[in-house]
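> take this sequence and fold it.
(chains A and B)
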There are 2 protein chains.
Amino acid sequence: MSLAVTAALADDIAHIRENPPSRSGLERAQAAFLDTIGVMIAGGSEPAVALLADTLMKLGENPHGQSAGLLLDATAAHVLDFDDVAFGGHVSAILVPSILRAATDRGVSGIDMLLAYAAGYEAWSEIASREKVMYHARGLHPTGLLGPIASAAACSVLFRLDTCQTSMALAIAASQGAGLTANFGTMTKPFHAGRAAQAGFLAACLAQNGFTAAPDGLESFLSSYSPGGDIDRERPLNRASGAWMLERIPPSVKQYPVCYAGHRAIDASIELAQVHPLSLADIVSIDVLISDRHSKTLRYSKPKTASEARFSLEFFVASALSHNWVGLSDVDDANLTDETLQQLMAKITRRISDDIDPVLDGFARYDQVAVCLSDGQRLISAPVSRALGHAERPLDLAHIRTKFEDCLAYAGRSSDAEALFSVVATLADSTEGTLLSAPWVTGRGL
Amino acid sequence: MSLAVTAALADDIAHIRENPPSRSGLERAQAAFLDTIGVMIAGGSEPAVALLADTLMKLGENPHGQSAGLLLDATAAHVLDFDDVAFGGHVSAILVPSILRAATDRGVSGIDMLLAYAAGYEAWSEIASREKVMYHARGLHPTGLLGPIASAAACSVLFRLDTCQTSMALAIAASQGAGLTANFGTMTKPFHAGRAAQAGFLAACLAQNGFTAAPDGLESFLSSYSPGGDIDRERPLNRASGAWMLERIPPSVKQYPVCYAGHRAIDASIELAQVHPLSLADIVSIDVLISDRHSKTLRYSKPKTASEARFSLEFFVASALSHNWVGLSDVDDANLTDETLQQLMAKITRRISDDIDPVLDGFARYDQVAVCLSDGQRLISAPVSRALGHAERPLDLAHIRTKFEDCLAYAGRSSDAEALFSVVATLADSTEGTLLSAPWVTGRGL
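Purely as a prediction, here's the structure:
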């Protein structure tokens, strides 16, 4: 590779304090903290997290310690599939827990936490944006694959590593990326996030302590994992344009706690049901237009568990048409056996779109839902090319706050919502040691 | 994939006690324990292990605990690159530490430890032997990539998991495989082994506790990581022939503590120097014939550290010609600056062989060393197609014992050698809880 990605990126990250993101970039990071902390708290007691915690305790590990605590936190942040999305993966579910654990007891300011987020986001997007085809195409889960690199970049900022140490941290992390899409719909999917966050944090700690790795870690990573070998090798770093990626292409926030591949179909279903109030009994058939990649990702047409339901297009669309929403309490083992829902799911046919989005790899140009009624009417939703909450259709602070409160209520922690929201919503103004520690946030370790 | 590899392999492993390897297979496993325990003890204080231990302690982790202890043990087993090799990777550096830690305090018999080894070996070879091209070709380190699967298989036997749980353990492990060959010659290479062993052990613990994963974990792994997409999908399991792979193609034991890609050239150099006693001053030039893949793996022609020297063909050949051996004390930062050695290294030219071994991917048909002397003589070694210690040229027990004693002496633990050797050399006769616990072996946690 003619361009030394590792060296250039490490140097940029090590000097982030001299050349920080704009105020609006820092506020984007702050919004990601709000969103991720909410979903992480909501996910904190899910079965996958509880089983992982129990296993760690049986092994004599301290679930309140930094390393095991981070493994649990990042698993919790991703377990509901309600966390934000960027560059094909779940960037904030990696970064926010990593930063919270790495900052705890180190007297880190709010701004430093946001700078760390920007660095991690930049590292992730630098790798992902050099690939022409998403890692999913090869059966690899970008969250687990790129997560260690992003976490290592963020922790390198918190630990104030120099360029050489940051480069080592990135290369140690690059050697730990892992995760198969085959495990989507199982407890192992959120575990990818937990393991990746923990790996990146450990990489930065090792680099700080003098552990060695190769200077070409990221170049090698790109070559080894490229789905089609089509890597953009020659262009300069994204950062050469001046702006941080966080400012140019911020993360997309989720409205529904299910796989992002289904969000446009849910939007389309809700819009259709709102424009044409439906009697479910009158529905004869439902067609959902979606890309082949997304159809394959949503691998469960007849989900048997809530985990599988998060990857079931049929479940999402039927739920959205039934309730005009897909919320936290809808994705539940018990709801899956509801007869009305089951009947509606059986009426759904997937239609594969060959009209592919020119920008978003793996997406159709738009998703769309059509319903045939018993009187012969055919109702068609508007085409949805970007889900509400996408970076191009951002949610306002009121929406973010409502989601945050819903998440805390789901976890039975409504009483903490206001105080926690206030602290997180002012990180960009916190230039001294912040009160935001991981144990306070997650309730784990108090 | 028409054949369900995960399901079939899991079922076979879960029933290993009903259909165990032969006595000679168990003795092969026992020999692997002897070899690996020796090199693990020798590696226990190397800088990479010491820095890793220090980092873990700073994070509040217990380096004597099962999980962190295993991370350290497996890193130590691979740090000198003196551990055995099979199917392109370092199988025993993963399996032996995993089994020792998983068996400690569980009252496991020696035979059960050997059965666990056979299961892990089988799992590794089942995946590796379905690939036409080694993972190295893609920049991936098989030890880190396949290690979790092998460790999970071994621990599943120790924990007596049923077929379904074993299948889950394999799939959780398959989602944790990682490691870049770019990090060869750095501390991150042995860390791959540590991390992989820990991952597989955790996978088995999670599966035992009810954690879920996909039923097609290994099939997905094969598809996602295949270097050239050339996977043998249709054939039955290796085990369908009746014999365990451990009996058919046992691991190759190393005589020299350096990357296996250089062992044949070392054998050739020693043979040449023994047949033609040389005055080093008379040597004008040295040609080493080797495959392109191995030449690239041995990436340091001018090593600056002992870690890099383990991946330097020039260093190996010069050392072997100088001392008729490459031993533990030869691979040392200080020796690298020796002027005679440096002069000899500068006389070496790599010649790339296009004559490729029909069986061993990445190997030339043979490696060979030729020396030109100042009087015009040209001396040529015998061609070496299998290094001494290779499965086809096995070492006898006396050699194994000498290596074991050398390793314990290197670690300053000669006084433990006899007692430890006796216990390990009788594992195949131990049908009740054995005394062999990881803390006793490694000295870590005592």
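> doesn't residue A:332 make contact with residue A:319?
No: in this structure, residue A:319 is not within contact of residue A:332 by Cβ atoms under 8 Å, at 10.5 Å. All C-beta spots, glycine's among them, are computed from the backbone N, C-alpha and C.
> neighbour count: the two, which is higher?
Between residue A:319 and residue A:332, counted using other Cβ atoms under 10 Å in any protein chain shown, the more crowded position is residue A:319 (26 against 12).
> contact residues of the stretch 251-400 of chain A facing chain B?
Within reach of chain B by Cβ under 8 Å from any Cβ of the partner chain, the stretch 251-400 of chain A has these residues: residue A:307.
> taking the stretch 251-400 of chain A, what residue is nearest to chain B?
Residue nearest to chain B within the stretch 251-400 of chain A: residue A:307 (7.1 Å; Cβ to the nearest Cβ).
> now the biggest strand by length in chain A: buried residues?
Across chain A, the longest stretch assigned as strand under DSSP state E is strand A:283-291. Across strand A:283-291, burial judged by 16 or more other Cβ atoms under 10 Å in any protein chain shown covers A:283, A:286, A:287, A:288, A:289, A:290, A:291.
> again with stretch A:179-189
Neighbour-count burial for stretch A:179-189 [16+ other Cβ under 10 Å]: A:179, A:180, A:181, A:182, A:183, A:184, A:185, A:186, A:187, A:188, A:189.
> filter these down to the ones near chain B?
Answer for the buried residues of stretch A:179-189 near chain B (Cβ under 8 Å from any Cβ): A:179, A:180, A:181, A:182, A:183, A:184, A:185, A:186, A:187, A:188.
> mind picking the two most distant members of those?
Greatest spacing in these, by Cβ to Cβ: A:181 and A:187 (14.7 Å).
> still on that earlier bit, next SSE after the longest strand of chain A?
Note on strand A:283-291: by DSSP states H and E, the next helix or strand toward the C-terminus is helix A:292-297.
> and for that following helix, what's in contact with it?
The contact list for helix A:292-297 (Cβ atoms under 8 Å, 6 or more residues apart in numbering or on different chains) reads A:136-137, A:181, A:184, A:259, A:261-262, A:311, A:313, A:350, A:352, A:362-364, A:367.
> what packs against the strand or helix carrying residue A:37?
In the assignment (DSSP H and E), residue A:37 maps to helix A:23-43. Using 3 or more Cβ pairs under 8 Å, 6 or more residues apart in numbering or on different chains; DSSP states H and E as the contact test, the elements touching helix A:23-43 are helix A:66-79, helix A:91-103, helix A:110-128, helix A:245-248, helix A:397-410, helix A:414-424, helix A:438-442.
> I'd like those helices as a markdown table, with distance to residue B:406, mean neighbour count and mean pLDDT appended.
Output for those, formatted as a markdown table (distance: least, Cβ to Cβ, whole Å; neighbours: other Cβ atoms under 10 Å in any protein chain shown; pLDDT from 0 to 100):
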| stretch | distance to residue B:406 | mean neighbour count | mean pLDDT |
| --- | --- | --- | --- |
| helix A:66-79 | 36 | 29 | 97 |
| helix A:91-103 | 42 | 31 | 97 |
| helix A:110-128 | 44 | 26 | 98 |
| helix A:245-248 | 53 | 20 | 96 |
| helix A:397-410 | 59 | 18 | 95 |
| helix A:414-424 | 58 | 15 | 95 |
| helix A:438-442 | 47 | 22 | 92 |
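> which one, of those, ends up nearest to residue B:142?
helix A:110-128 (23.0 Å).
> is any part of that closest one close to chain B?
No: Helix A:110-128 does not reach chain B (Cβ under 8 Å from any Cβ); its nearest approach is 13.1 Å.
> measure residue A:176 to residue B:57 for me?
Counting by Cβ to Cβ, to the nearest Å, the gap from residue A:176 to residue B:57 is 20 Å.
> what about the nearest residue to residue A:15 once chain neighbours are set aside, how many neighbours?
Leaving aside its chain neighbours, residue A:15 sits nearest to residue A:163 (7.7 Å; criterion: Cβ to Cβ, 6 or more residues apart in numbering or on different chains). As a burial measure, residue A:163 scores 17 neighbours (other Cβ under 10 Å).
> OK, contacts around the residue in chain A sticking out farthest from the centre?
In chain A, residue A:375 marks the outermost C-alpha relative to the chain mean, sitting 42.2 Å out by Cα atoms, centre = their mean. Counting by Cβ under 8 Å, 6+ apart, residue A:375 makes contact with residue A:282.
> helix/strand/coil for it?
Using DSSP: H, G, I helix; E, B strand; the rest coil, the secondary structure recorded for residue A:375 is coil.
> hmm, back to that, who wins on neighbours among the contacts of helix A:292-297?
Busiest of the contacts of helix A:292-297 [other Cβ under 10 Å] is residue A:262, holding 30 neighbours.
> what's it in contact with, if anything?
Under the criterion of Cβ under 8 Å, 6+ apart, the contact list for residue A:262 reads A:256, A:294, A:298, A:313, A:316, A:317.
> pLDDT score assigned to it?
Note for residue A:262: predicted pLDDT of 95.
> what about the residue lying closest to it once chain neighbours are set aside, helix or strand, and which?
Closest residue to residue A:262 apart from its sequence neighbours, by Cβ to Cβ, 6+ apart: residue A:316 at 4.5 Å. Remark: residue A:316 resides in helix A:313-323, with elements defined by DSSP H and E.
> next, the buried residues of that helix.
Quick answer for helix A:313-323 (16+ other Cβ under 10 Å): A:313, A:314, A:315, A:316, A:317, A:318, A:319, A:320, A:321, A:322.
> which helices and strands does that helix pack with?
helix A:263-275, strand A:283-291, helix A:339-346, strand A:348-353.
> among these, which comes closest to residue A:101?
Shortest distance between residue A:101 and the helices and strands packed on helix A:313-323, using Cβ to Cβ, is found for helix A:263-275: 29.0 Å.
> give me the contacts around the closest one.
By Cβ under 8 Å, 6+ apart, the list of residues contacting helix A:263-275 reads A:254-256, A:258, A:278, A:288, A:290, A:313, A:316-317, A:320-321, A:324-326, A:363, A:366-369, A:371, A:379-389.
> now, those that are in helices?
When DSSP state H is applied, these are split such that A:313, A:316, A:317, A:320, A:321 fall in helices.
> would you reformat these as JSON lines and include distance to residue B:8?
Shown next, in JSON lines, are the ones in helices among the contacts of helix A:263-275 (distance: Cβ to Cβ, whole Å):
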{"residue": "A:313", "distance to residue B:8": "31"}
{"residue": "A:316", "distance to residue B:8": "34"}
{"residue": "A:317", "distance to residue B:8": "36"}
{"residue": "A:320", "distance to residue B:8": "40"}
{"residue": "A:321", "distance to residue B:8": "42"}
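> let's have the buried residues of strand A:283-291 in CSV, adding distance to residue B:444.
Output for the buried residues of strand A:283-291, formatted as CSV (distance: Cβ to Cβ, whole Å):
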residue, distance to residue B:444
A:283, 65
A:286, 61
A:287, 62
A:288, 56
A:289, 59
A:290, 53
A:291, 52
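> can you name the two of those that sit furthest apart?
A:283 and A:291 (24.1 Å).
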